[in-house]
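>>> Next comes the sequence, and after it the predicted model I'd like to discuss.
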Amino acid sequence: MAKKPTIEDARLILQLYDLRREAEMRKARQWWLTTFWPKSADDFLKVATAMGTEENNWLRQVGAYWGIAVSFVLNGVVSEKLFFQVSFCGEMYFIFAKVRPFLKEIREKMKNPELFLNIEKAIMGSKIAREQFAKVDARVSSMRQQK
């Protein structure tokens, strides 16, 4: 994944950031960050299978956004050094930390082995991302216990 950052990489990061400012995306991100605290695979599945609900739309919207964004890193389109900065993708780490404890079971129950797979591959395949994720994962675990 290593690639020296370019001006085009910086432009793409800024465009990706700008997409996060769209009104419905803001609501979806806010829900993921503050309201949605799954404590089990079943908690995730309740939302994932409630098609047509606002929460289901938000779950899919944010998951798809980060899946697409991280595909740029996995395919060498954008520099991992820029992409994995906490100031840009700290939210992705946070979201992944919320589902990671139940991910195997979620994938099995949904019969979708690729769910969050690009995000997992990118984080676990990058030393930069693994180090950042470890910090966020510890905070999310602590926060989950308080919920």
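That came through fine. Residues are numbered from 1 along each chain as shown.
>>> Can you pull out the low-pLDDT segments for this structure?
1-3 (pLDDT under 70).
>>> Can you tell me the centre-most residue of it?
With distances taken as C-alpha atoms, centre = their mean, Met92 lies nearest the centre of the chain, 3.3 Å away.
>>> which non-adjacent residue is nearest that one?
Spatial nearest neighbour of Met92, excluding adjacent residues (C-beta to C-beta, 6 or more residues apart in numbering): Trp66 at 4.6 Å. Heads up, the C-betas are built off the backbone N, CA and C, glycines and all.
>>> Burial check on that neighbour, number of neighbours?
23 (other C-beta atoms under 10 Å).
>>> Next: Leu45.
Neighbours around Leu45, by other C-beta under 10 Å: 16.
>>> ok, now Arg60?
15.
>>> Give the next helix or strand downstream of the helix or strand harbouring it.
Per DSSP states H and E: Arg60 is located in helix 54-74. Sequence-wise, the next helix or strand downstream of helix 54-74 (DSSP H and E) is helix 80-83.
>>> Alright, that wraps it up for me.
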